[in-house]
Every structure is written in C-alpha cells, then in structure tokens.
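Asks: Compute the structure for the input listed below.
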Amino acid sequence: MQLDQLQSKLFGRRAAVVIGGKLVLLSALLGRMYYLQVLQSEKYQTLAEDNRISLRLLVPPRGRILDRFGVALASNRQNYRVVVVPEETSDVSATLDILGQIIQITDGDRRRIARELERTRAFVPITVRENLTWEEFSHIEVNMPDLPGVRTEVGRSRYYPYGPALAHTIGYVAAVSEKELDGDPLLEQPDFRIGKSGIEKVYDRALRGSAGTSQVEVNARGRVVRELARDPGEPGKDVTLGLDYRLQDFLVQRLASEPSAAVVLMDPQTGHVLAMASQPSFDPAEFNEGLSAARWKELITDPLAPLSNKAISGQYAPGSTFKVNVALAALESGLVTPDFKVFCPGFLDLGDARFHCWRHQGHGTLDMHGGIKNSCDVYFYEVARRIGIDRIAEMAKRLGLGALTDIDLTGERPGLIPTRAWKRAVVGHPWTQGDTVVAGIGQGYVLATPLQLAVMLCRIVNGGRAVVPRLGRDPGEAGELLHTVAQTTPASLGIAASSIQVVLSGMNAVVNEQGGTAYRARITEAGFEMGGKSGSAQVRRITASEREKNHPKQEDIPWNERDNALFIAFAPVHAPRYVCSVLVEHGVGGSAAAAPIARDILLEAQKLDPLGSPPASPVAGSKPVEREG
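Replies: Numbering: from 1, shown residues only. Prediction:
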C-alpha cells in the first residue's frame, strides 16, 4: 500500500512538472503571439506589404534637342529589351542559359552582366539585351514562367535622326560607367543613359528630368499582378539650339568629298553658331547601343580622327588668315597707317636668314590695302617687325585667339598666341625678331581652331564687339527669325571703326577685286557678295635645299605633309550677317580648296535667310590669279 502511495505521489509530481512546463511554454507562446500580433503588428504588416508590393523607379523620358525652328535633332523612340533581377532568381547563370536558347546572348553580354552583378544591388534590374525584334520579344513573353527573375520592358532609346551629320555637335548618350555612379538610384537603372559628349553632356541635367515611381503588386514568384499607383516624375526639358539644320545639312554635303575638314558658320551679331561640321564623323547611335571592342579600336586608331571635333579641338597654324589680326594691331598701334608702303622683291633678309614671300617673284610696292588683297608675306613681315610681338599678341587675345571661347561644347582647345614670356618659360630661349616675322604671317608657334578664327572675324565685322559663340538658346525661341537683337549687347573691344574699315575693305578686295587671291571664288550674284581672307599653312619644315629648288611641289609630297588650306569670310559685304571659317586639312591652297566651300555656304545661307538680301552692284568678270601661300 505504501509503495502504491509513493508511486502515485511520484506520478503526480511528474505530471505537475509536465503540466507546469506546458503551461510555461503555452504562456511563452501566447506572450510571443501577443507580442508579434499586437505589439509588433504594424511592423510585420509593413513587411508583409513590402513582400506584396514592389516600388520601381521609372526613368523619365529624356528631353529633345531642337534646332532653331523646332526640328528634332535628338529624340526618343521605343526600345524592346529584356532584363534580369538578381534577387528574383536563385541562379542568374542558369537563367541566362535558358534565355540563351530563346535569343542570342554573346560572351560579351555575359561578361558585362557579370560585371554589373558585382557593382549593382540585387534588386536593380540588369539589361541582358536591348533593341529586340518583336519576334524575340514575344518568344520571351511566351516562355516567361520558365524564366525566374526575367522581365521584358518597353522603354525608350535615344534616336539621332541625322546620325553623323550632327554627331560632333549634338554628341551622344551612353550607359553610366562605374566611376559616374554617385548614389542616385536612377543612375543604376538598366535603361538610363547620360550625356557623354557635345550638347548631350553640357545640358545633361536639364535633359534628364526627374525619376517617377510605379507601385506594383507582385505574387510569391515576383510576377507583377497589377499596378497600384504611378507617379510619372518629370520629363527632361527640351533644349533649343541656334543651329539651322538646313544649313547644317548643306555643310555636311559640301564637305563630303574632303578626307578631313571643318567648317563653322556664325551670326556675328548674336554669336549664335548656325552650323558646325567636322569631317569625317561617326554614328552616335553606336554609342547608345553599345560599341564592340573592335569597333572602338577602329575609331580611336583612325588617322583621320573621326571622334575629334576639329572645329573646336583642331589646333592649326592659321597662316595668312592671321594677317587681319596683324593689320588691326598695326593700325591701332599708331605706328602703321593705311598708306604705309613696303616693297616686296619676293623675300626679306633678316641677318643671315631669308624669309620668302609666297609669290617668289615678289609683289612690288604695296600699301595695307594691297598687302591684304595680295596676301603679301613680305608686307606683313615688315609690319610685324615694326609693331612687335607684344602688340600682335594683345590684339589677338582681344579678338578671341589663344584662349577658350567658352562655347557650350565639351572638348574645346585654346590654341596658342605666343609671347616673349611664353617662349622663355616653355621653350627655354629668348624671343627673336625671326619669331616675330614668322608670327606675322600666322606661322611658327601660332595656333588657332576654326571656331576661334570665326570668332575673330565676327568681332571684326560686327564693329568690334566681344561676341561669345553659343549653341544653346532660351526655350521658346525656336520659331523666331534667324537674326534677333541680343538681350545684352556684347562689350566693345575699343577698336577704332576706321581701323576695322581698312581691314574689311582689304578683305573685300581679296575676293571682289581682280588680282585678289580669292577672286576666282567670288559670289557673282548681286547683293550676296562676300569678303574674305585665304591662308595656306605649312605642316612640315621646308629645308634650305628644297627652297633653292623653288620649294617642293605639293602634289609630289605625301598627303599628310601638304599645306593646310584655310579661308575666313563674311557676307554680304555691305551688311555682314554671316561669318564662315573653313579648314581643309592638307588642301594646299586656301583660295583654291577652302574659299569655294565658304562661297557655297555663304550663298546658301543668304538664300535661306528669311530677311533676304538687299540688291547691290554686280561684280566684274574673272581673272586667273596665282595660289596664295
């Protein structure tokens, strides 16, 4: 009996312990449930909602780039693409293998995706392929249940309707590089592009807009069930340029036969760049879609430098086009008058050095008008000696040479206007009279870009005002006429009107007087006449033995060693509204190769001008002249 009682008590104690343990566990469970479902309900409700609802960034449509009349030079068009979201698939590589059976995925695509996986967050979609055909797009859609983490999207890609014709000016967009990531999640979106060059880069912030959001409901597999809310964000702003595409198209076609050349056409009153071309060019769409390594190497190793905008980054000896600057410097110094005469026997002896004129038999006695008209080297040798390099350099800088023009483009280079201090610091030797003589005809150390030469002439023909070249215009100006009064008048350069008139008269004679170096390239239609200045600049040093043999013939030396041909011009001569600068690399003669291009461009510009051109007296018939040096 006692044994039974002891066993009963022991059983009761054990039962009590078990029951007590269960009560403790039940209490803990009830307490935990109360904590989770009551006290932490808001937190877990939010987490559950986050699992059900996905917030996705919407890339805003990029703003358009328009010419002055509203013609779209860069816009957007539909782009079918497929992306993969790493966090929505357990094995990206396996998913790509399956997808690769539906559409082509190259080894290059896989390497790119692998790099993207390392640098982007798991929830950020990674582009697999863009610009899919409709057949490819539909095949992916049909097989979507077997492709975890894969999405198809209809987005926008940048469209350049005129391709290479505007590549250097408009620039291009491309995918964001790793060094360009700044924490903005918009930059991590697979279809987001930023400006990499040209107007696309300079006005990138305005063109981008601000991101929108899409709140979507997804199922357990991450597939979108429905869209709950959408904030479209703010689309990018349109940017209107001062360019006239009609003129741009004409420039490009006119340069098509030249291996390497550049042209700038400007309004001298406002500083607006009406057209700008650099030959050869490239297709900006290639960068938007993604260049292959082979294609990139081909572009950067091309000796004609298609990626370079020669109009703003090509630095060339300006040759005889620089003589208008020397003439102005001389007149403004008071040391030289328009009547200052020089006898040209075909050379100038300075110490034991002889400096030749382009016309080896000489020009005889010339005043400044004749010196400009005939582009006499000896005349400008003497003028340069008389006024010195300091005055030449000071005037050049006033006219916009030797420094960046601050045009709203990337990649501009400053050229070079040498001074005594510059030579001492850079070359390590003192300045000499020989340096001054050579600089007087735009050779030696002097360098300028085609844009700078256009700016120089703009500042002369507009009466000596410091216009600054611009491509962008204020919104809403697209429909205005070509020539508008600037809101702020550019500062005066302090150059006497009489000095400017002497130079412009000489430039008129270059083209419109018999014997002028560019007389054969004149415009014969009444009211459209142009004035100008030609130049030919050596790109190789002529040896003493070659000089004794009357210089080598240009056609007998390699193309890339021939002289560069330049021409600057304005029209109409009686009321300048256009300024043109032309460079033809290794074109030999400015009057023969570059002047006809300027003539055709200025004539076309005036004919397209809604303001028209007033009548003027016709120009007399032609007479052959020799090539200017």
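Asks: what bridges to Phe343?
Replies: Per DSSP bridges, the residues bridged to Phe343 are Thr365.
Asks: give me the number of residues near Asp302?
Replies: 13 (other CB atoms under 10 Å). Backbone N, C-alpha and C define where each C-beta goes, glycine included.
Asks: wait, Gln215
Replies: Per other CB under 10 Å, the neighbour tally for Gln215 reads 13.
Asks: Just say helix, strand or coil for it.
Replies: Taking DSSP: H, G, I helix; E, B strand; the rest coil as the rule, one finds Gln215 in the strand state.
Asks: and Lys237, which of the three is it?
Replies: At Lys237 the chain is in coil, as set by three-state DSSP.
Asks: What distance do you get for it to Ile199?
Replies: Noted for Lys237: a distance of 13 Å to Ile199, by CB to CB, to the nearest Å.
Asks: Those two: which is more packed in?
Replies: Per other CB under 10 Å, whichever of Lys237 and Ile199 has more neighbours is Ile199, with 24 against 16.
Asks: So the more buried one: helix, strand or coil?
Replies: Counting by three-state DSSP, the backbone at Ile199 sits in helix.
Asks: My read is that Arg420 contacts Thr432, right?
Replies: No: the pair Arg420 / Thr432 is not scored as a contact, 9.9 Å apart, by CB atoms under 8 Å.
Asks: At which residues are the helices of the stretch 51-200 of the chain located?
Replies: With DSSP state H, counting those that start in this stretch as the criterion, the stretch 51-200 of the chain has helices at 92-99, 107-119, 134-142, 167-170, 198-202.
Asks: what's the angle between the first one and helix 134-142?
Replies: Angular relation of helix 92-99 and helix 134-142 on a 0 to 180 degree scale: 120 degrees, by axes from the mean of the first three to the mean of the last three CA atoms, to 10 degrees.
Asks: and if you look at the longest one?
Replies: Note on geometry: by the same axes, to 10 degrees, helix 107-119 and helix 134-142 are set 50 degrees apart in direction.
Asks: how about helix 107-119: buried residues?
Replies: For helix 107-119, burial by neighbour count (16 or more other CB atoms under 10 Å) applies to 109-110, 112-113, 116.
Asks: Tell me the helices and strands packed up against it.
Replies: Counting contacts by 3 or more CB pairs under 8 Å, 6 or more residues apart in numbering; DSSP states H and E, helix 107-119 packs against helix 92-99, strand 126-129.
Asks: Then the fourth one?
Replies: When contacts are defined as 3+ CB pairs under 8 Å, 6+ apart, helix 167-170 sits against helix 198-202, strand 273-279.
Asks: Give me the neighbour count for Val503.
Replies: Neighbouring residues of Val503 were enumerated by other CB under 10 Å; the total is 26.
Asks: gap between it and Leu447?
Replies: According to CB to CB, Val503 and Leu447 sit 22 Å apart.
Asks: cool, Arg158 as well?
Replies: 35 Å.
Asks: if you count what's nearby, which of those two comes out ahead?
Replies: Neighbours were counted for Arg158 and for Leu447 using other CB under 10 Å; Arg158 has more, 24 against 21.
Asks: Does the more buried one touch Ile170 like I think?
Replies: No: in this structure Arg158 lies outside contact range of Ile170 using CB under 8 Å: 9.9 Å.
Asks: which residues touch Met507?
Replies: Taking CB atoms under 8 Å, 6 or more residues apart in numbering, we find Met507 in contact with 324, 372, 531-533, 570.
Asks: What of Asn143?
Replies: Residues in contact with Asn143 (CB under 8 Å, 6+ apart) are 98, 102.
Asks: mind redoing it with 6 Å?
Replies: For Asn143, the contact set (CB atoms under 6 Å, 6 or more residues apart in numbering) comprises Ile102.
Asks: Backbone dihedrals for it, please?
Replies: When quoted as degrees, to the nearest 10, the phi and psi of Asn143 stand at phi -100, psi 10.
Asks: just to revisit the earlier point, any idea which of the helices of the stretch 51-200 of the chain scores lowest on pLDDT?
Replies: Within the helices of the stretch 51-200 of the chain, confidence is poorest for helix 107-119, with a mean of 82 (mean pLDDT).
Asks: okay, now the domains of this protein?
Replies: 54-85+95-140+152-219+226-241, 245-283+310-474+485-608 (automatic domain parsing).
Asks: tally of neighbours for the nearest residue to Asp377 once chain neighbours are set aside?
Replies: Nearest residue to Asp377, sequence neighbours excluded (CB to CB, 6 or more residues apart in numbering): Cys357, at 4.2 Å. Number of residues near Cys357 (other CB under 10 Å) recorded here: 23.
Asks: how would you label the nearest residue to Leu66 once chain neighbours are set aside: helix, strand or coil?
Replies: Nearest residue to Leu66, sequence neighbours excluded (CB to CB, 6+ apart): Thr240, at 4.8 Å. Following three-state DSSP, we place Thr240 in the strand state.
Asks: quick one: contacts for Gly233?
Replies: 58, 60, 210-212.
Asks: Hmm, I typed the wrong one, I wanted Arg420.
Replies: Trp431 are the contacts of Arg420 under CB under 6 Å, 6+ apart.
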